[in-house]
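# Here is my input, please return the structure:
(one chain, ligands or ions: 2)
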Amino acid sequence: MSDTHAYDHTPEAEFGDFVALLKPRVMSLVVFTAFVGLWVAPVPMHPFLVFCSVLFIALGGGASGALNMWYDADIDAVMNRTRGRPIPSGRVTGGEALGLGLGLTVIAVMMLGLTANWFAAGFLAFTIFFYAVIYTMWLKRWTPQNIVIGGAAGAFPPMIGWACATGGISVESFLMFALIFFWTPPHFWALALFMKEDYHKAGVPMLTVTHGRAVTRRHIFGYTLVLAPFALWLGLTSVGGPIYLAVALVLNVLFIRGGWQIMRRSEETAIADNYAVERRVFKLSLYYLFLHFLALMVQHWVGAW
Ligand code: HEM
Ligand SMILES: CC(C)=CCC/C(C)=C/CC/C(C)=C/COP(=O)(O)OP(=O)(O)O
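Residues are numbered from 1 along each chain as shown. Ligands and ions are numbered 1, 2, ... in the order given. Just a heads-up that it's a prediction; the model follows:
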């Protein structure tokens, strides 16, 4: 991954550096959720328009990643996980990242408006604004609730996908939003438990830094409990069905169990096994979201309720 690039003698930007600015790995899951939101909507779209919509949502997501990296270059330079990124390592200038982010935002929003509809395009613009401005510039450096509220940005994409197909919103698209929204805190805090030093060094008020790990552990478990009813409720709507419900049931039991294990662990035990459980739950979180949306796709294919 580009985050781990070695430092070059002559820091010259390569194409890969500009791709890295778009945070492709994280955005792949974002784009998948957007695609599923669009795919399971009750209004079928022409395959070419499906392709265009997903492409422009992906470009918009990438644009927001570049804007985030432009603004966060100072933080990224301090943290081990991020200091090899294109800007802190000197291969790309802040101005280039800002230009790329703004340029892609304009292209993505305009093209989505022209190919899908302007409601979806406005929604995409708002989501980019939410991630780049509300989360990155404001919440991230200000409150330990940063990722709870900021998580909304990452939760909007399936609603944008649904809006591309239908021109509106619905209970189903709202529940897909809720699924990602309440998933984000356990997803991120599991990681923060074994990355605390990084955020501490960078002065970012993550919950682990401001309230300590014991509180963070309880929050993780709490959110897995809040999340489960929304995941199951989605299965009872018009996009749900027995396959989705079975998958959701298993995944939520596993996730709640993971949250419970994280909460019950003492810091000493965690240090002794190098945060093995926290690492496992972080990985599980990625499968959790991917498999829920995959199950929605399969359910749609075999026929929803
Ligand atoms: C405010 C919300 C979020 C925060 C703070 C957050 C934070 C993080 C961090 C710090 C990483 C670690 C490594 C990396 O930089 O790749 C990560 C990984 C990841 N996140 Fe999130 N995340 C958030 C929301 C999301 C959303 C909404 C998605 C997708 C729907 C997502 C998908 C992923 C994926 C796929 C990875 C693994 C990337 C890899 O393999 O390198 N995240 N997240
Ligand atoms: C369509 C569209 C506009 C989608 C946006 C999706 C979105 C907001 C995803 C959030 C993903 C993410 C990596 C947050 C990380 O927080 P961070 O930026 O604090 O993480 P870092 O420390 O790795 O930079």
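# how much space between the closest residue to residue 146 other than its chain neighbours and ligand 2?
For residue 146, ignoring the flanking residues on the chain, the nearest one in space by C-beta to C-beta, 6 or more residues apart in numbering is residue 139 at 4.2 Å. Where you see a C-beta, it was placed from the backbone N, CA and C, and this is true even at glycine. Using C-beta to the nearest ligand atom, to the nearest Å, residue 139 is found at 10 Å from ligand 2.
# what's the burial count for residue 285?
If you count neighbours by other C-beta atoms under 10 Å, residue 285 ends up with 23.
# do stretch 35-46 and ligand 1 meet?
No: counting by C-beta under 6 Å from any ligand atom, ligand 1 is not contacted by stretch 35-46; separation bottoms out at 10.9 Å.
# Quick one: mean pLDDT over that stretch.
The average pLDDT within stretch 35-46 is 96.
# Surely the residue nearest to residue 146 and residue 151 touch.
No: the pair residue 139 / residue 151 is not scored as a contact, 9.9 Å apart, by C-beta atoms under 8 Å.
# is any part of the lowest-mean-pLDDT helix or strand in the chain close to ligand 1?
Sorted by mean pLDDT, DSSP states H and E, the helices and strands of the chain end with helix 196-202, the least confident at a mean of 87. No: if you take C-beta under 6 Å from any ligand atom as the test, helix 196-202 misses ligand 1, and the best it gets is 9.1 Å.
# Go ahead and name everything in contact with that helix.
Identification of contacts with helix 196-202 by C-beta atoms under 8 Å, 6 or more residues apart in numbering yields 75, 78, 79, 80, 81, 82, 192, 206, 208, 209, 213.
# residues touching the first one, list them.
Listed by C-beta under 8 Å, 6+ apart, the contact set of residue 75 reads 82, 202, 203, 204.
# could you pull out the helices for the stretch 201-305 of the chain?
Using DSSP state H, counting those that start in this stretch, the helices found in the stretch 201-305 of the chain span residues 207-210, 213-235, 242-264, 267-272, 276-302.
# Which members of the contacts of helix 196-202 additionally contact ligand 2?
For ligand 2, the contacts drawn from the contacts of helix 196-202 by C-beta under 6 Å from any ligand atom are residue 82.
# Which among the contacts of helix 196-202 count as buried?
Buried subset of those (neighbour count, 16 or more other C-beta atoms under 10 Å): 75, 78, 79, 82, 192, 206, 208, 209, 213.
# and the fourth one, what element?
When elements are defined using DSSP states H and E, residue 82 is found to belong to no helix and no strand.
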